[in-house]
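**Q** 3D, please:
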Amino acid sequence: MKKIAILISIATVVWSNNQALAGEHGAHCLNIISGEMKKCRVIISDRNNSLEMNFKSEKFQDVNMKLRGNQITEISTGEYAKKRAKETIGASLILGPLGALVGMFAKQDRTQLAIEYVDYQNNKNVTMIDIPTKHSEPLMKDLEILTGLQIRSSE
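**A** Down below sits the predicted model:
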């Protein structure tokens, strides 16, 4: 019996050490085409060093997003996220999403994260993730681990 317990313990340690960070979070993500927040799955993978935002609706599959951790330059939340999103969207001349963002920040029990990144053409962009506050802490920790960045906040 003792040998079986030791074997199970060793197998558990070996298995857990080989598992990569793979956080999956239900949220709403910014659809860059319509400028609206749509239901999505946010997947953070240490193994792939990536953040994926996959929309649940079949009609939005062409705007799914995958970013490498080193493409992300800043993560912010609260009023600071609102300010950074407006600045980045204004700078990139994508004014459509601005109206949706203003309404989104009025929600009380949700946390919004602005994720600034550099795309493959070396342009600075921003996307947004909106998640219930009670579920936001694991997502924020996963993002900090993935990027090595600290989330900026000004609540």
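
**Q** state the distance from residue 77 to residue 48.
**A** Separation of residue 77 from residue 48 (C-beta to C-beta, to the nearest Å) stands at 24 Å. The way it works is simple: take the backbone N, C-alpha and C, and place the C-beta from them, glycine included.

**Q** nearest residue to residue 131 other than its sequence neighbours?
**A** The shortest distance from residue 131 to any residue other than its chain neighbours is 4.2 Å, reached at residue 27 (C-beta to C-beta, 6 or more residues apart in numbering).

**Q** which of residue 77 and residue 48 has more neighbours?
**A** Between residue 77 and residue 48, residue 77 has the larger neighbour count (other C-beta atoms under 10 Å), namely 20 against 16.

**Q** hey, what's the more buried one bridged with?
**A** Judged by DSSP bridges, the bridge partners of residue 77 are residue 113, residue 153.

**Q** go on, residue 40?
**A** residue 27, residue 55.

**Q** would you map the helices across this structure?
**A** Remark: helices of the chain, listed N- to C-terminal, are 2-18, 78-91, 97-104, 136-147; assignment by DSSP state H.

**Q** can I get the last one as PDB, trimmed to CA atoms?
**A** These are the backbone C-alpha positions of helix 136-147, laid out as PDB (Å, rounded to 0.1, in the frame of the first residue of the first chain):
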ATOM      1  CA  SER A 136     -11.400  38.600 -12.800                       C
ATOM      2  CA  GLU A 137      -8.600  37.800 -10.400                       C
ATOM      3  CA  PRO A 138      -7.500  34.500 -12.000                       C
ATOM      4  CA  LEU A 139      -7.500  36.100 -15.500                       C
ATOM      5  CA  MET A 140      -5.400  39.100 -14.200                       C
ATOM      6  CA  LYS A 141      -2.900  36.700 -12.600                       C
ATOM      7  CA  ASP A 142      -2.700  34.700 -15.800                       C
ATOM      8  CA  LEU A 143      -2.000  37.800 -17.900                       C
ATOM      9  CA  GLU A 144       0.700  39.000 -15.500                       C
ATOM     10  CA  ILE A 145       2.400  35.600 -15.600                       C
ATOM     11  CA  LEU A 146       2.200  35.400 -19.400                       C
ATOM     12  CA  THR A 147       3.500  38.900 -20.000                       C
END
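
**Q** buried ones in it?
**A** Residues of helix 136-147 classed as buried by neighbour count (16 or more other C-beta atoms under 10 Å): 136, 139, 140, 142, 143, 146, 147.
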